[in-house]
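*Asks:* quick check, what structure comes out for this input:
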Amino acid sequence: MRAATLALSGVTWIVIAILVMPAGIMAQDAGDSDQDYRFSKEELTQMLAPIALYPDALTAQILMASTYPLEVVEADRWRNNNRHLKGNDLDNALQEKPWDPSVKSLCHFPDILAALSDKLDQTRKLGDAFLSQEEEVMATIQDLRRKALEQGNLNTTGEQKVLVEKEIIRIEPAEPEVIHVPVYDPAYVYGPWWYPAYPPYYWYYPYGYVSGAFIGFSPGIYFGFNWVWFDWPVRRIHVDVTRTRNFHRYYGRRDGTGPVWRHNPSHRKGVAYRDLRTSERFGSRPTRVSPTNPERRGYPGGRIERQNSGPTQVSPQRGGGQIVPPVRKEPAGSRG
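*Replies:* Numbering: from 1, shown residues only. Coordinates of the predicted model:
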């Protein structure tokens, strides 16, 4: 048991180290980390396919929570150790946790929370996309829903209501306080996949689920999402944090939260943002990393001229936040 605990702790620290690593370090050779990174339509479709057919409010919770990946990991570890907590007991325990309300709410959906934690790279990309391309993310969700509707695979059932309003497709639970999580294979439910170079991401499937074009549903989970909703025409998420008192301490003070959802950098907990513009937007700046490409370090044609004048110090000295070239030490008595 102790060995397993230590192993889990080690994995957790590795995850934390990866998350807080500046984006420039993770992609030194991919391009300049100071530039904006825009996810393509193909990438957005790929990452949103597994959740686009979830009820509106649940989809919104996942999008918001994905911008706080470290809290998702913490919440999943905690939930895994407290699976006996249900309903009001779970809400009362969540009151003491410092996580964002979107992360807390997903503790009522442990399978989804586990999928977000286990597939952390996908989760982080989803959060990065939502932070920098919110309107495009919501437009892509509507495109995917339209595909499923045209294939005859998105319908009103005993578990959900599908409401088509001109160019907008809403998905709501049949009973406001009971959420059934749709279970489907994104490679089939939308029809033949149209971006073969970008196959859809996969999430969790309950035991016994058989892949196919149809949509199944998990057992109902009693939890109200009346505090968050999509404003589809303007491509925004609206929140009313005063309605989260059951599971979240709300003191009524102004914290920047308003009717339109805004990312709270304090819940990011040091996780690096993907690019410079996003970092500056939320009050931080990614660490600049010297490029590994020799040509970009000032060597013409990528050729590095090496001197054969003997060994030099390997470790650079740091001072004033800049890297100082190593100093060669001459043998005593060599000076004239």
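*Asks:* please enumerate the strands of the stretch 51-200 of the chain.
*Replies:* Taking DSSP state E, counting those that start in this stretch to define them, one finds strands in the stretch 51-200 of the chain at 160-165, 168-173, 178-179, 182-183.
*Asks:* got any ranges where the stretch 201-336 of the chain has weak pLDDT?
*Replies:* Within the stretch 201-336 of the chain, the ranges that satisfy pLDDT under 70 run 204-213, 224-225, 243-258, 284-336.
*Asks:* give me the neighbour count for the spatially closest residue to residue 99 that is not a sequence neighbour.
*Replies:* With Cβ to Cβ, 6 or more residues apart in numbering as the criterion, residue 99 has its nearest non-adjacent residue at 4.6 Å, and that residue is residue 71. Backbone N, C-alpha and C define where each C-beta goes, glycine included. Per other Cβ atoms under 10 Å, the neighbour tally for residue 71 reads 21.
*Asks:* also residue 78?
*Replies:* Residue 78 has 16 neighbouring residues, counting by other Cβ under 10 Å.
*Asks:* now the residue nearest to residue 99: how far from residue 268?
*Replies:* For residue 71, the distance to residue 268 equals 8 Å [Cβ to Cβ, to the nearest Å].
*Asks:* again with residue 68
*Replies:* Plainly put, residue 68 is 6 Å away from residue 268 if you go by Cβ to Cβ.
*Asks:* what does residue 218 give?
*Replies:* For residue 218, the distance to residue 268 - Cβ to Cβ - is 30 Å.
*Asks:* could you do residue 214 as well?
*Replies:* 38 Å.
*Asks:* how about residue 164, nearest residue that isn't a chain neighbour?
*Replies:* residue 149 (7.2 Å).
*Asks:* residues contacting the one you found?
*Replies:* Each residue near residue 149 by Cβ atoms under 8 Å, 6 or more residues apart in numbering is listed here: 162, 164, 169.
*Asks:* show the buried residues in the residues you listed.
*Replies:* 162, 169 (16 or more other Cβ atoms under 10 Å).
*Asks:* so residue 159 sits against residue 219, correct?
*Replies:* No. Counting by Cβ atoms under 8 Å, residue 159 sits too far from residue 219 to count as a contact (9.8 Å).
*Asks:* so what sits against both of the two?
*Replies:* Contacts common to residue 159 and residue 219, judged by Cβ under 8 Å, 6+ apart, are residue 180.
*Asks:* quick one, what contacts the residue nearest to residue 265 when sequence neighbours are not counted?
*Replies:* Of all residues beyond its chain neighbours, the one nearest residue 265 is residue 282 (4.4 Å), with distances taken as Cβ to Cβ, 6+ apart. Residue 282 is in contact with 131, 263, 265, 268, 273, counting by Cβ under 8 Å, 6+ apart.
*Asks:* for residue 282, phi and psi?
*Replies:* phi -110, psi 20 (degrees, to the nearest 10).
*Asks:* separation between it and residue 61?
*Replies:* Remark: distance between residue 282 and residue 61 (Cβ to Cβ) = 20 Å.
*Asks:* helices of the chain, start to end?
*Replies:* Secondary structure of the chain, counting by DSSP state H: helices at 2-20, 23-26, 41-48, 56-65, 69-80, 87-94, 101-105, 110-118, 120-132, 134-150, 186-189, 276-281.
*Asks:* buried residues in the last one?
*Replies:* Of the residues in helix 276-281, those buried under the neighbour-count criterion (16+ other Cβ under 10 Å) are 276, 278, 279.
*Asks:* pick the one among those closest to residue 37.
*Replies:* For the buried residues of helix 276-281, the closest approach to residue 37 (Cβ to Cβ) belongs to residue 278, at 8.7 Å.
*Asks:* thought that closest one was touching residue 132?
*Replies:* Yes. In this structure, residue 278 is within contact of residue 132 by Cβ under 8 Å, at 5.3 Å.
*Asks:* hang on, the earlier thing: who wins for proximity to residue 237 among the strands of the stretch 51-200 of the chain?
*Replies:* Going by Cβ to Cβ, the one of the strands of the stretch 51-200 of the chain nearest residue 237 is strand 168-173, 13.6 Å.
*Asks:* what comes into contact with the closest one?
*Replies:* 53-57, 59, 142, 145-146, 149, 154, 159-164, 179-180, 230, 232-233.
*Asks:* any quick PyMOL command for the buried ones out of the residues you listed?
*Replies:* Buried members of the contacts of strand 168-173 can be picked out in PyMOL with the line below, counting by 16+ other Cβ under 10 Å:
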select buried, resi 53+54+55+56+57+59+142+145+146+149+154+159+160+162+179+180+230+232
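*Asks:* coming back round to it: reformat the helices of the chain as CSV; add distance to residue 174.
*Replies:* Formatted as CSV, the helices of the chain follow (distance: least, Cβ to Cβ, whole Å):
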stretch, distance to residue 174
helix 2-20, 37
helix 23-26, 42
helix 41-48, 23
helix 56-65, 13
helix 69-80, 26
helix 87-94, 20
helix 101-105, 20
helix 110-118, 19
helix 120-132, 27
helix 134-150, 17
helix 186-189, 19
helix 276-281, 38
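*Asks:* quick one: closest of the ones you listed to residue 223.
*Replies:* Among those, helix 101-105 sits nearest to residue 223 (Cβ to Cβ), with 7.2 Å.
*Asks:* no further questions, thank you.
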